[in-house]
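Visitor: Just the structure for this:
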Amino acid sequence: PLKGAEFKLYKESDANFESPVAVAISDENGLVSFKDVEYGKYTIKETKAPEGYNLSDEVLTANIMENGVTIKANPESISNTKIRASVQVKKFDQDKKPLKGAEFTLYNSEGKEVLASVTGKDGIAIFENLVYGEYTIKETKVPEGYLASEGTIKIFVDKDSELYSYEVVNNRIKGSIIITKVDMKGNALQGAEFTLYDREGKEVATKISDKDGIVTFNDVDYGSYTVKETKAPKGYILSEEKLEIKVSSPETQNFIFKNEAEKFIDKISNVLPKTGSLFNYKVIMMIGWGTIIMGLGLFLKKNKVR
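Guide: Next comes the predicted model:
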């Protein structure tokens, strides 16, 4: 039984249903009664459906032929269908590209979970056959590499066969990497070149340390990276250290790189001629000993002349 449906009574001659004779509302048992109806033929139409239901388009008839008799309309009863609709959520990234794998959960007005839906490759999650009422939709699982959307979607289903559509955007996770370049004593080093590589080894960006020894990689996309020093500051040995970094949040990650100063022997090697790979420190030693022997010979010769 449906309470609260409004019905109007018309004379059969009122083909356009313009002048109702009487109005009645269904009670808690779903019954509609028109009292003291005069002799004649009538039609009855539902003019207002109960909340949450579709208006019936059925027309009933009734004939008053005897005095003091209660008759039933033809047909004796009618029914109302519930208002039902669908809701779809379109999921995009910041560049308006569809996102697959986002989970959305639908809750009723009491906060109870009704059902969940996951976006496909078209970025759409759909909730079908929802009956009249108030709902809330929340994103309950975020696609990998993206930030969760803020807030919830409030919906009121009140139109039958309607498709309610909403758009939700997820921004890609981007973080920052800061490297501080220092010598072995902790002093800042300017002029060190660092290169950022993605997980496939492709170069992403190259930066040079400033006067404070700082190298900053901003807006680094979600993923795995490697950072290497590709050029040492003048007078320092290139670091062989390799950083493996995972960007999985918007937080800034800080690292320290140390460089050891070149030794004096290394400086000598830089000014002496090199012959391919044969030149090494043994050659330097031979030159050194040769110089000492020549000096000693000149010293002895000089003493012998005297």
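
Visitor: Look up the residues forming beta bridges with residue 168.
Guide: Judged by DSSP bridges, the bridge partners of residue 168 are residue 91.

Visitor: For the remainder of this discussion, apply numbering that starts at 32.
Guide: Okay, using 32 as the starting number, the last item reads as residue 199.

Visitor: who's in contact with it?
Guide: The contact partners of residue 199, taken as CB atoms under 8 Å, 6 or more residues apart in numbering, are 120-123, 133, 135, 170, 180, 184. Bear in mind the C-beta positions are built from the backbone N, C-alpha and C, glycine included.

Visitor: Most neighbours among these, which one?
Guide: In terms of neighbours by other CB atoms under 10 Å, the contacts of residue 199 top out with residue 122 at 29 neighbours.

Visitor: That residue touches residue 133, doesn't it?
Guide: Yes - applying CB atoms under 8 Å, one finds residue 122 in contact with residue 133, separated by 4.6 Å.

Visitor: tell me, what's touching the two both at once?
Guide: 150, 154, 156, 174, 199, 201.

Visitor: Among those, which lie within strands?
Guide: Among those, the members falling in strands (DSSP state E) are 156, 199, 201.

Visitor: how near is the last one to residue 273?
Guide: Which is residue 201. Remark: distance between residue 201 and residue 273 (CB to CB, to the nearest Å) = 32 Å.

Visitor: What segments of the stretch 182-331 of the chain are strands?
Guide: 184-188, 194-201, 205-214, 224-229, 234-239, 245-252, 254-262, 273-278, 283-290 (DSSP state E, counting those that start in this stretch).

Visitor: Tell me which of these lies nearest to residue 96.
Guide: strand 184-188 (45.0 Å; CB to CB).

Visitor: Which one of residue 201 and residue 273 is surrounded by more residues?
Guide: Between residue 201 and residue 273, counted using other CB under 10 Å, the more crowded position is residue 201 (20 against 10).

Visitor: Residue 175 is in contact with the more buried one, correct?
Guide: No - counting by CB under 8 Å, residue 201 does not reach residue 175; the two are 10.7 Å apart.

Visitor: residues shared between the contacts of the two?
Guide: In contact with both residue 201 and residue 175: no residue, using CB under 8 Å, 6+ apart.

Visitor: what does stretch 228-241 rub up against?
Guide: 210, 212, 219-227, 246-248, 251, 254-259, 261, 264.

Visitor: let me fix that: stretch 266-281
Guide: Contact with stretch 266-281 is made by 178, 204-206, 208, 210, 214, 220, 223, 251-260, 262-263, 284, 286, 288-293, 297, as judged by CB under 8 Å, 6+ apart.

Visitor: Could you rerun that using 6 Å?
Guide: By CB atoms under 6 Å, 6 or more residues apart in numbering, the surrounding residues in contact with stretch 266-281 are 206, 251, 253-260, 263, 286, 288, 290-293.

Visitor: list the buried ones in whichever strand or helix holds residue 38?
Guide: Following DSSP states H and E, one finds residue 38 within strand 37-42. Residues 37-41 are the ones in strand 37-42 that count as buried (16 or more other CB atoms under 10 Å).

Visitor: ok, it: who's next to it in the sheet?
Guide: Partner strands for strand 37-42, per DSSP bridges, with pairing direction: strand 53-56 (antiparallel), strand 71-79 (antiparallel).

Visitor: Not counting the longest one itself, show me its contacts.
Guide: This points to strand 71-79. 36-41, 43, 86-87, 90-95, 104.

Visitor: make it 8 Å
Guide: Outside of strand 71-79, the residues within contact range by CB under 8 Å, 6+ apart are 36-43, 45, 48, 52, 54, 63, 65, 86-87, 89-95, 104, 109, 111.

Visitor: cool, the shortest one as well?
Guide: Contacts with strand 53-56, where a contact means CB under 8 Å, 6+ apart, come from 35-40, 63-65, 68, 78.

Visitor: redo that, cut-off 6 Å
Guide: 37-40, 63-65.

Visitor: quick one, domains of the chain?
Guide: Taking automatic domain parsing as the criterion, the chain consists of the domains 37-95, 115-201, 205-290, 295-336.

Visitor: Let's see the distance spanning the longest one from one end to the other.
Guide: Domain 115-201 has its terminal residues 29 Å apart, counting by CA to CA, to the nearest Å.

Visitor: what mean pLDDT does it have?
Guide: Per-region confidence: domain 115-201 scores 96 on mean pLDDT.

Visitor: Skipping adjacent residues, who's closest to the residue positioned nearest the centre of the chain in space?
Guide: Geometric centre of the chain, nearest residue: residue 201, 2.8 Å, by CA atoms, centre = their mean. Using CB to CB, 6 or more residues apart in numbering and skipping the chain neighbours, the partner closest in space to residue 201 is residue 177 (4.0 Å).
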